[in-house]
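Participant: can't give you the sequence, but here's the structure:
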């Protein structure tokens, strides 16, 4: 019974962690674009977006990551045998990638809080797809852990990434057309 409660809590915090990661990068896009606005719009938007990013990052995203990872470790400690399953090892690889992604987001967050813009808004839009790819990979991996051949899973993930990139290019063209 404890395992099911822990699993539910793990899933809740995984969901809120992803929500935070998706939205923080969207805020990065807005912060970068606000830097290009004329005064006083630049200052007003910049200040407001910094507050939003700070609250999201420290009140939702960081605690969610810590709790998701903590409950995940607790779940694995109850069913240690899962660590020998290939699907779990691959999942943990994706989790490690997501933690690294989180720390990169933290670096970008700190830069933007100090008005340091090192990337374009288009870069951030593309960067945002990293978490999306991990989300899809982990959900499909967990749900089809014993029924999908790894080759098909890998090909499917690559096709999904290509579709995301194509969607990004199409969206960029639409945005550019609408600016004219």
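Facilitator: Sure thing, it's come through. Given the structure is predicted, the values throughout are model-derived calculations rather than measurements.
Participant: what comes up buried for stretch 7-17?
Facilitator: By 16 or more other C-beta atoms under 10 Å, the buried positions in stretch 7-17 come out as 9, 10, 13, 14, 16, 17. C-betas here are computed from N, CA, C, even on glycine.
Participant: which non-adjacent residue is nearest the residue sitting nearest the centre point of the chain?
Facilitator: Centroid-nearest residue in the chain: residue 131, 3.3 Å away (criterion: C-alpha atoms, centre = their mean). Closest residue to residue 131 apart from its sequence neighbours, by C-beta to C-beta, 6 or more residues apart in numbering: residue 21 at 4.6 Å.
Participant: show me what the strand or helix carrying the one you found is packed against.
Facilitator: Using DSSP states H and E, residue 21 sits in helix 2-34. Applying 3 or more C-beta pairs under 8 Å, 6 or more residues apart in numbering; DSSP states H and E, one finds that helix 2-34 makes contact with helix 41-55, helix 62-78, helix 86-113, helix 121-127, helix 129-143.
Participant: just the buried residues of the least confident helix or strand in the chain by mean pLDDT, please?
Facilitator: Of all helical and strand segments in the chain, the minimum by mean pLDDT, DSSP states H and E falls on helix 150-179, at a mean of 81. Across helix 150-179, burial judged by 16+ other C-beta under 10 Å covers 153, 157, 160, 161, 164.
Participant: can you tell me how far the fourth one is from residue 177?
Facilitator: Spelled out, that is residue 161. Distance, residue 161 to residue 177, using C-beta to C-beta, to the nearest Å: 25 Å.
Participant: with residue 1 instead?
Facilitator: Counting by C-beta to C-beta, the gap from residue 1 to residue 177 is 56 Å.
Participant: residue 147 now?
Facilitator: With distances taken as C-beta to C-beta, residue 147 is found 43 Å from residue 177.
Participant: could you do residue 86 as well?
Facilitator: 46 Å.
Participant: okay, now the residue nearest to residue 131: neighbour count?
Facilitator: When counting by other C-beta atoms under 10 Å, one arrives at 26 neighbours for residue 21.
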